[in-house]
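A.B. asks: what shape does this take:
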Amino acid sequence: MIKLEAIIERAADGTFDVYCKDEIFSGTGNSIPEAKADMTAQMAFYKNTAISEGFKYPAFLDDEYEIVYSLDAKSLLKYYVDSGFFSLAGLEKMTGISQKQLWTYLHGTKPRKIQANRIVSGFRALNNDLSALFV
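C.D. replies: Residues are numbered from 1 along each chain as shown. A predicted model of the protein is given here:
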């Protein structure tokens with residue numbers, strides 16, 4: 001089974017874009033699930049059009065494939081704060097980064113690599129805690 005890498009980013013207008021790192025496919029939506037669904041629909045449309053028009057298309061579209069998504073730190077924060085899942089206070093406790101600094105990341109400042117790693121580590125720790133609940 002082939003694994004495709006896809007990047008999810010928050011656009012300036014508040015929508016989400018998703019695009020394959022090494023393929024031509026992309027999608028957009030008002031939420032992450034919408035953007036993912038749009039990209040997979042575009043992939044199916046591309047394949048069906050290629051078949052009906054007699055064009056070649058990537059062979060992996062005929063087989064099973066997995067899309068592995070990654071989200072940049074800014075988009076991750078924006079998604080969970082804007083959706084109401086987390087507050088800046090909660091994120092501060094989770095990441096060890098001050099609310100003021102987190103606010104700047106939400107509003108345009110790109111976190112340095114070390115800070116982005118702290119954000120990712122905080123979410124991974126939360127994921128591990130939640131995963132333990134269902135063992």
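A.B. asks: got any ranges where the protein has weak pLDDT?
C.D. replies: Within the chain, the set of residues satisfying pLDDT under 70 comprises 135.
A.B. asks: got the domain boundaries for it?
C.D. replies: Here the domain parsing of the chain from automatic domain parsing is 2-71, 73-133.
A.B. asks: turn these into TSV, columns for mean neighbour count.
C.D. replies: C-beta: built from backbone N, CA, C; applies to glycine. Shown next, in TSV, are those (neighbours: other Cβ atoms under 10 Å):
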stretch	mean neighbour count
domain 2-71	14
domain 73-133	14
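A.B. asks: residue farthest from the centroid of this protein?
C.D. replies: The C-alpha centroid of the chain is most remote from Gly54, which lies 33.3 Å away (Cα atoms, centre = their mean).
A.B. asks: how about it, phi and psi?
C.D. replies: phi 80, psi 20 (degrees, to the nearest 10).
A.B. asks: cool, Asp72 as well?
C.D. replies: Dihedral angles (degrees, to the nearest 10) for Asp72: phi -70, psi 160.
A.B. asks: could you check how far stretch 70-90 is from the centre of its chain?
C.D. replies: Relative to the centre of its chain, stretch 70-90 is centred 11 Å away, using Cα atoms, centre = their mean, to the nearest Å.
A.B. asks: mind checking the end-to-end distance for that stretch?
C.D. replies: Taking Cα to Cα, to the nearest Å, stretch 70-90 runs 22 Å from one end to the other.
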